[in-house]
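Visitor: okay, here's the prediction I keep looking at, along with the sequence it came from:
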Amino acid sequence: MFMSAVAQRSGREVYPELAGARVVITGLTTAIGVDLALAFAERSARIVIQSPERSPEVTEVVAMVSKDASEFHHFGRPFGRQLSPVAFAQDAARLLGGVDVAINLMTITP
């Protein structure tokens with residue numbers, strides 16, 4: 001995808017093509033995805049996040065993302081019987097009126 005910086009605002013580049021983008025991020029934890037979520041939020045994206053981790057650090061990340069995102073929804077429970085990935089994707093698309101970017105974060109161990 002081609003990205004062009006149009007202007008600089010308070011020391012950071014502004015990408016107008018990301019403003020209002022409908023972004024779904026799954027698997028956000030304190031170990032992975034924090035910078036990614038913050039980067040989309042700083043560019044005024046509309047964000048839905050699923051995080052399997054419940055901790056004070058994740059709560060702080062959620063607060064920081066919600067401050068800058070133009071629209072924000074958070075689901076703070078892991079996928080399982082109560083929250084299936086398919087139902088989550090459908091809910092996220094319904095909330096945002098579609099999805100432009102879908103990011104599934106996961107850790108891989110040996």
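Guide: Cool, got the structure. Numbering: from 1, shown residues only.

Visitor: CA only for contacts and neighbour counts going forward, please
Guide: Will do.

Visitor: what are the ranges of the strands in the protein?
Guide: Listed in chain order, the strands of the chain (DSSP state E) span 7-9, 12-14, 22-26, 46-50, 71-75, 101-104.

Visitor: now the ones you listed as CSV including mean neighbour count?
Guide: What follows is those, written out as CSV (neighbours: other C-alpha atoms under 10 Å):
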stretch, mean neighbour count
strand 7-9, 10
strand 12-14, 14
strand 22-26, 23
strand 46-50, 25
strand 71-75, 18
strand 101-104, 12
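
Visitor: format the ones you listed as a markdown table; extra columns: distance to Val65 and mean pLDDT.
Guide: Listed next are the strands of the chain as a markdown table, based on distance: least, C-alpha to C-alpha, whole Å; pLDDT from 0 to 100:
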| stretch | distance to Val65 | mean pLDDT |
| --- | --- | --- |
| strand 7-9 | 18 | 53 |
| strand 12-14 | 16 | 62 |
| strand 22-26 | 12 | 95 |
| strand 46-50 | 9 | 95 |
| strand 71-75 | 8 | 93 |
| strand 101-104 | 16 | 94 |
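
Visitor: output the ones you listed as CSV; include the columns distance to Val58.
Guide: As requested, the strands of the chain are exported to CSV (distance: least, C-alpha to C-alpha, whole Å):
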stretch, distance to Val58
strand 7-9, 27
strand 12-14, 24
strand 22-26, 13
strand 46-50, 11
strand 71-75, 11
strand 101-104, 17
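
Visitor: so what's Phe72 up against?
Guide: For Phe72, the contacting residues are Arg46, Ile47, Val48, Ile49, Val65, Ser66, by C-alpha atoms under 8 Å, 6 or more residues apart in numbering.

Visitor: hey, what's it bridged with?
Guide: Ile47 (DSSP bridges).

Visitor: where does the chain have low pLDDT?
Guide: 1-14 (pLDDT under 70).
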